[in-house]
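K.L.:
need the 3D shape of this:
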Amino acid sequence: RRRRRRRRRRRTTTTTTKPPSRCRRGDTAADAVITALGEAGLETVRIDLREPGDIADALGRHRDTVDRVVVCGGDGTMNAALPAVLDGSLPMGVIPLGTANDFARSIGIPMDITAACRVAAADRVRRIDVGTINDRYFLNVAHIGLAVEVARRSDARSKQRLGSLAYPAAAWSAFRTRRTFVAHIRGEDGAWRRLRAIQVSVGNGRFYGGGIPVAEDAAIDDARLDLYALPAGKWHALVAMIPALRRGRMRSHREILTLSGAAFEIRTHRPKTVSVDGEEAFRTPVRLGVLPAALPVLAPAA
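P.N.:
Model prediction:
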């Protein structure tokens, strides 16, 4: 009996969700997650995440009674929970309840809630990289330029109405009114590159924008970041790059600057907004790095 009790206690899990006003599927999805995790053999403690600091306080209270943290939401929610999860040294399960769910895609999590819960309830742990930008962590991607404007135009109302189609619609609208800026980019080799750009993106994960690869060979456990910068140019030249962008084959275009490495620095003539995992977080200049194999996640076999 003692052995059974100990085993059951170790398999207790903590789940976190966005508030209903910020999560497209709200409490209904949270209840479905609790049920699916229970059917998979986990005992749960539910935590509704109202502020980013709530997860740290919750983990502090339950640190000795749980063996994993299951985070429910989109990329922004995963990012908000990341500092506390890293500090708690517990493996993280991922239930994709956002719109694009690119971080979940990067680690192969199923989009179906029940299937994702089965992965979170299993004991297959994969260690993945964590990106750093100035004094903050990130999981998936940081953007400057066009992609920031796309995120602004993909507001909660359009996501609720259009779902994953909100991003292509916002991308077309942002592209038509695109603005250029001068970027100075220093790579791992210490050399500076200067170009007039409409977008600079740096990925730790593999996907962004609802399934677009940041690079053809990008992976979230390769101990490197992948950068590409879209040059300013006439609209028809940029449109011709779209097929390569959709497949992550930016290196096939000489006009697109592509770099790979463990550290980058980006400066602009005028401060530009930087979005991190879908949330506006900084203004340039920024320094980016990577922490290899820093985060244990519950994931399917690679």
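K.L.:
tell me where the stretch 151-300 of the chain has helices.
P.N.:
Taking DSSP state H, counting those that start in this stretch to define them, one finds helices in the stretch 151-300 of the chain at 156-162, 166-176, 235-240, 242-247.
K.L.:
buried ones in stretch 38-46?
P.N.:
Neighbour-count burial for stretch 38-46, counted by 16 or more other CB atoms under 10 Å, picks out Ala40, Leu42, Thr44, Arg46. For every residue, glycine as well, the C-beta is placed using N, CA and C.
K.L.:
and the residues you listed, which two are furthest apart?
P.N.:
Ala40 and Arg46 (15.4 Å; CB to CB).
K.L.:
now do the contacts for Ala294.
P.N.:
Residues near Ala294 by CB atoms under 8 Å, 6 or more residues apart in numbering: Leu86, Arg127, Ile128, Asp129, Val130.
K.L.:
so which of these is the most crowded?
P.N.:
Ile128 (23 neighbours; other CB atoms under 10 Å).
K.L.:
that residue is in what secondary structure piece?
P.N.:
strand 125-133 (DSSP states H and E).
K.L.:
roughly how far apart are Ala231 and Ala237?
P.N.:
Quick fix: residue 231 is Pro, not Ala. Separation of Pro231 from Ala237 (CB to CB, to the nearest Å) stands at 9 Å.
K.L.:
the two: who's more crowded?
P.N.:
Pro231 (19 against 12).
K.L.:
quick check: the gap between the most centrally placed residue in the chain and Gly131.
P.N.:
The centroid of the chain falls nearest to Asn140 when counting by CA atoms, centre = their mean (3.5 Å). Asn140 sits at a distance of 8 Å from Gly131 (criterion: CB to CB).
K.L.:
Thr77 too?
P.N.:
According to CB to CB, Thr77 stands 17 Å off from Gly131.
K.L.:
ok, those two, which is more surrounded?
P.N.:
Legend: neighbour count by other CB under 10 Å for Thr77 and Gly131, higher for Thr77 (27 against 24).
K.L.:
show the model's pLDDT score for the more buried one.
P.N.:
pLDDT for Thr77: 87.
K.L.:
ok, Gly187 next?
P.N.:
If you check Gly187, the pLDDT there is 95.
K.L.:
hmm, back to that, where do the contact lists of Asn140 and Gly131 overlap?
P.N.:
Any residue near both Asn140 and Gly131 by CB under 8 Å, 6+ apart counts here, and that gives Asn204.
K.L.:
got the contact list for the residue lying closest to Cys117 once chain neighbours are set aside?
P.N.:
By the measure of CB to CB, 6 or more residues apart in numbering, the closest residue to Cys117 outside its immediate chain neighbours is Ala36, 3.7 Å from it. Applying CB under 8 Å, 6+ apart, we find Ala36 in contact with Ile113, Thr114, Cys117, Arg118.
K.L.:
quick one: buried ones out of these?
P.N.:
Neighbour-count burial (16+ other CB under 10 Å) is assigned, among the contacts of Ala36, to Ile113, Cys117, Arg118.
K.L.:
was I right about the second one contacting Ile95?
P.N.:
Yes: assessed by CB atoms under 8 Å, Cys117 is found in contact with Ile95 at 6.5 Å.
K.L.:
make JSON lines from the buried residues of stretch 38-46 and add secondary structure to it.
P.N.:
Output for the buried residues of stretch 38-46, formatted as JSON lines (DSSP: H, G, I helix; E, B strand; the rest coil):
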{"residue": "Ala40", "secondary structure": "coil"}
{"residue": "Leu42", "secondary structure": "coil"}
{"residue": "Thr44", "secondary structure": "strand"}
{"residue": "Arg46", "secondary structure": "strand"}
